[in-house]
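Participant: pasted the sequence and its predicted model underneath.
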Amino acid sequence: MRKFISVVAFSTMLATVPAAAIAAESDEETFRQLELFGDVFERVRAQYDDESADKDLIEAAINGMLQSLDPHSSYLNEESFRDMQVQTRGEFGGLGIEVTMEQGLVRVVSPIDDTPAARAGLEAGDFITHLDGETVLGLTLSDAVEKMRGRVGSDIELTIRREGQEPFDVTVTRDVVRIRSVRSRTEDKVGYIRVTTFNEQTMDGVEASMESLKEELGDQMIGVVLDLRRNPGGLLDQAVKVSDAFLDRGEIVSTRGREADDTQRFNATKGDLADGLPMVVLINRGSASASEIVAGALQDHKRAVIMGTESFGKGSVQTIMPIAGHGALRLTTAAYYTPSGRSIQKTGIEPDILVEQAQITEETPTGRLREQDLRNARDNDGTVQPEDEDEDEVSETTAVQDYQLARALDLLKGIATYNVRAIN
């Protein structure tokens, strides 16, 4: 009788498991483990010191299962799912940081440009240890993110642990975060396009930027800089479209799942927004996922020179699977590969020209976050073997103050000068 009760108690959770896993219920060992799970759940409900809602316990159990797989799989309850949908549309409320959970603390992957977090000086790799004086230890990532949300105009005090410094407090004022994912300007005779994230507006923004740059520079334009530094990624289809915008032909990216039939290939169509002009793509260790797809495609096709520092190294694809009445499952379902067949999982995109964002003297390493630093990060073969690396910092300022951008402009000017001399 107990076996029947245990399984029924978790029928709701089991209904979300893929068909292949449901079929495995008939396996005796699997059934025994599910019974163990049910027994533990019943004992917690009956004997734990503080009473907890069944819903909270089950959500925590699901999240624990998913987060043990890799850093990017998670369960989104109905509220989190709605927030994620709003985020991909490019406008949401909060602080404006991309975060993950590491060692029980909230770790900043990247602050988003022109948001409260960026203005407050938060940096990629910072650990957030306390929220309004309360420790984040014991919280899930969803719990911590929920506490960082709040009424627009209200303040939250974050306690930051940054390598090489004593912990310090930062007060951040919550605001409506409107992500303008694409910005552009001219740098002498070079068109500069900055992409901060890949949301539903990104490709439209790139097209509009190129049109504006062409109107301003006309035939005087000698090249294009595509700045993907500190871009944490976003929508796969937007990464494919942006890559396609500068390629005439060939594969952009392929995704390979568990089964051979799951392989997908995305190919470029004719048409290059830059009309074949020389390109430099700027990356750093805050460039992740969709950013790496674009950089990898343009690098493999020798369409652009990749400059900066090694990227983050997130080579996995997450699929959002809505669950009726229960939010959604964010599950890692595939790995992606550049046109040459490279997986950049935990290795990142190596720049063609290494340029640290620093003064001419070398920067002291600051221990910033990369994919391989995350707990349970997958190797190319799916195993787990995290290592520590350092990170660099990008300055969203003018070319005079931005060393990496200055070197990109020098390269394009040098190519233009050489081409003129070769013609003459």
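Facilitator: Good, I have the coordinates.
Participant: which residues touch the nearest residue to Asp54 once chain neighbours are set aside?
Facilitator: Distances taken as C-beta to C-beta, 6 or more residues apart in numbering place Arg45 nearest to Asp54, at 6.9 Å, with adjacent residues excluded. C-beta coordinates here come from the backbone N, C-alpha and C atoms, glycine included. The contact partners of Arg45, by C-beta atoms under 8 Å, 6 or more residues apart in numbering, come to Ser52, Asp54, Leu57.
Participant: please repeat the previous calculation with a cut-off of 10 Å.
Facilitator: By C-beta atoms under 10 Å, 6 or more residues apart in numbering, the residues touching Arg45 are Ala9, Glu51, Ser52, Ala53, Asp54, Leu57.
Participant: can you list the domain ranges for this structure.
Facilitator: Per automatic domain parsing, the structural domains of the chain span 2-52, 91-177, 180-423.
Participant: so for Met65, which of the ones you listed sits nearest?
Facilitator: domain 2-52 (9.5 Å; C-beta to C-beta).
Participant: same question for the closest one, mean pLDDT?
Facilitator: With pLDDT averaged residue by residue, domain 2-52 scores 68.
Participant: same check, this time on stretch 236-250
Facilitator: 97.
Participant: got a markdown table for the domains of the chain, with distance to Tyr75 too?
Facilitator: Formatted as a markdown table, the domains of the chain follow (distance: least, C-beta to C-beta, whole Å):
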| stretch | distance to Tyr75 |
| --- | --- |
| domain 2-52 | 9 |
| domain 91-177 | 8 |
| domain 180-423 | 6 |
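Participant: tell me the contacts of the residue most central in space within the chain?
Facilitator: Centroid-nearest residue in the chain, with C-alpha atoms, centre = their mean: Pro232, separated by 3.6 Å. Contacts for Pro232 (C-beta under 10 Å, 6+ apart) come out as 97-100, 109-112, 124, 196-198, 286-291, 312, 314.
Participant: so what pLDDT did it get?
Facilitator: 89.
Participant: make sure it is indeed in a helix.
Facilitator: No: secondary structure of Pro232 (DSSP: H, G, I helix; E, B strand; the rest coil): coil, not part of a helix.
Participant: pLDDT of stretch 61-69, averaged?
Facilitator: For stretch 61-69, mean pLDDT is 90.
Participant: list the buried residues of it.
Facilitator: Within stretch 61-69, the residues scored as buried using 16 or more other C-beta atoms under 10 Å are Ala61, Ile62, Asn63, Leu66, Gln67.
Participant: same question, stretch 269-284
Facilitator: So stretch 269-284, judged by 16+ other C-beta under 10 Å, has buried residues Asp272, Leu273, Ala274, Leu277, Pro278, Met279, Val280, Val281, Leu282, Ile283, Asn284.
Participant: measure that stretch end to end?
Facilitator: End-to-end distance for stretch 269-284: 28 Å, by C-alpha to C-alpha, to the nearest Å.
Participant: all strands for the stretch 151-300 of the chain, in order.
Facilitator: 155-161, 168-173, 175-178, 182-187, 190-195, 223-227, 251-257, 264-267, 279-283 (DSSP state E, counting those that start in this stretch).
Participant: and the angle from the fourth one to strand 223-227?
Facilitator: What it means is strand 182-187. With axes from the mean of the first three to the mean of the last three C-alpha atoms, to 10 degrees defining the directions, strand 182-187 sits at 140 degrees from strand 223-227.
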